[in-house]
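Asker: Here is a sequence with its predicted model. Questions after.
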Amino acid sequence: MKKVLLVEDEVLLAEIMSETLETRGFQVSTAPDGAQGLKEYRRVKPDICVLDIMMPELDGYSVATQIRQDNPNIPIIFVTAKSQMDDLKKGFEVGANDYMKKPFSIEELIVRMNALLARSQNSTSPKKLDISECQIGHFHFDFTRQRLKSHEKDVRLTGRESEMLKMLYQNKNEITDKSSALKELWGDDSFFNGRSMDVFITKLRKHLKSDPNVEILNIRGKGYKLVC
């Protein structure tokens, strides 16, 4: 039985979510605010966390940050009424795996929880997507020909830009570890190679900026995340 930590300050919503999750075989621990949520996290050691963002004591961002320091792999889903792109970006930057806007379907939440739990269980030996062409937002990325096309433009990428974008896409909506990427693409993770990678990330952001739904996020101290 998978253990769920549900941190939600709306009492009625928390009761409905908890009861529904329990009928689906989850063991649910609840907390009404961020401070209590952290205490419950340390007590029950859950398999997955579902966090509201706007809460008393500690907000969801703060709770997720502290949980991530303890466990870099546990799935975290934010549920919130906040819907601005800046809120979405901040949620991913502090370590969220998924983000649902209120009001939401609890059935959809359960589907997303199960998907994240399955992915987490298989994370010890992740399989990268073997791509030659793919769609990134409204861009068509042709890795073999090193082209990034949209209705507005057709950009010819450098070999390193193509390799970097391919790696980001293979890990889309997940963190691409900077040290691992440097060792794979540059040969080592030295400071100077790290600065070089930052330059290529800046170039890719410029290529992709015409689609507001595509973002390359900087996950401080970890790496990058392509959100699309």
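Answerer: Looks like it arrived, so ask away.
Asker: from here on, contacts and neighbour counts on C-alpha atoms
Answerer: Noted.
Asker: and residue 149, bridged to which residues?
Answerer: The partner list for residue 149 in beta bridges (DSSP bridges) reads residue 140, residue 154.
Asker: what's the distance between it and residue 13?
Answerer: Residue 149 is 44 Å from residue 13, where distance means CA to CA, to the nearest Å.
Asker: Among these two, which residue is more densely surrounded?
Answerer: Legend: neighbour count by other CA atoms under 10 Å for residue 149 and residue 13, higher for residue 149 (19 against 11).
Asker: What number of residues are in the vicinity of the residue lying closest to residue 156 once chain neighbours are set aside?
Answerer: The spatial neighbour of residue 156 that comes closest, neighbours along the chain excluded (CA to CA, 6 or more residues apart in numbering), is residue 147 at 4.7 Å. Per other CA under 10 Å, the neighbour tally for residue 147 reads 18.
Asker: got the contact list for residue 147?
Answerer: By CA atoms under 8 Å, 6 or more residues apart in numbering, the residues touching residue 147 are 140-141, 154-157.
Asker: Now it: phi and psi?
Answerer: Comment: the main-chain dihedrals of residue 147 come out as phi -120, psi 140, following degrees, to the nearest 10.
Asker: Could you do residue 135 as well?
Answerer: Dihedral angles (degrees, to the nearest 10) for residue 135: phi -110, psi 130.
Asker: What's the per-residue pLDDT of the nearest residue to it once chain neighbours are set aside here?
Answerer: Nearest residue to residue 135, sequence neighbours excluded (CA to CA, 6+ apart): residue 141, at 6.1 Å. According to the model's per-residue confidence, residue 141 sits at a pLDDT of 93.
Asker: Quick check: buried residues in the lowest-mean-pLDDT helix or strand in the chain?
Answerer: Ranking every helix and strand in the chain by mean pLDDT, DSSP states H and E puts helix 85-93 at the bottom, with a mean of 76. Within helix 85-93, the residues that qualify as buried are 88-89, 91-93, counting by 16 or more other CA atoms under 10 Å.
Asker: Please identify which of these is nearest to residue 203.
Answerer: residue 89 (19.4 Å; CA to CA).
Asker: can you give me the strands for this structure?
Answerer: Under the criterion DSSP state E, strands of the chain are mapped to 3-7, 27-31, 48-52, 76-80, 98-101, 133-136, 139-142, 147-149, 154-156, 175-177, 215-219, 223-227.
Asker: So which of the buried residues of helix 85-93 is the closest to residue 191?
Answerer: Nearest to residue 191 out of the buried residues of helix 85-93 is residue 93 (CA to CA; 22.0 Å).
Asker: And the pLDDT at the closest residue to that closest one other than its chain neighbours?
Answerer: Excluding the flanking residues, the one nearest residue 93 by CA to CA, 6+ apart is residue 219, at 5.1 Å. Per-residue pLDDT puts residue 219 at 91.
Asker: State the distance from residue 219 to residue 189.
Answerer: Applying CA to CA, one obtains 17 Å for the distance of residue 219 from residue 189.
Asker: what sits up against the helix ranked longest in the chain?
Answerer: The residue-count maximum for a helix in the chain (DSSP state H) belongs to helix 191-208. Applying CA under 8 Å, 6+ apart, the external contacts of helix 191-208 come out as 139, 155, 160-161, 164-165, 178, 182, 186, 214-216.
Asker: ok, 10 Å please
Answerer: 136-139, 148-150, 153-155, 157-158, 160-162, 164-165, 178-179, 181-183, 185-190, 214-218, 224 (CA atoms under 10 Å, 6 or more residues apart in numbering).
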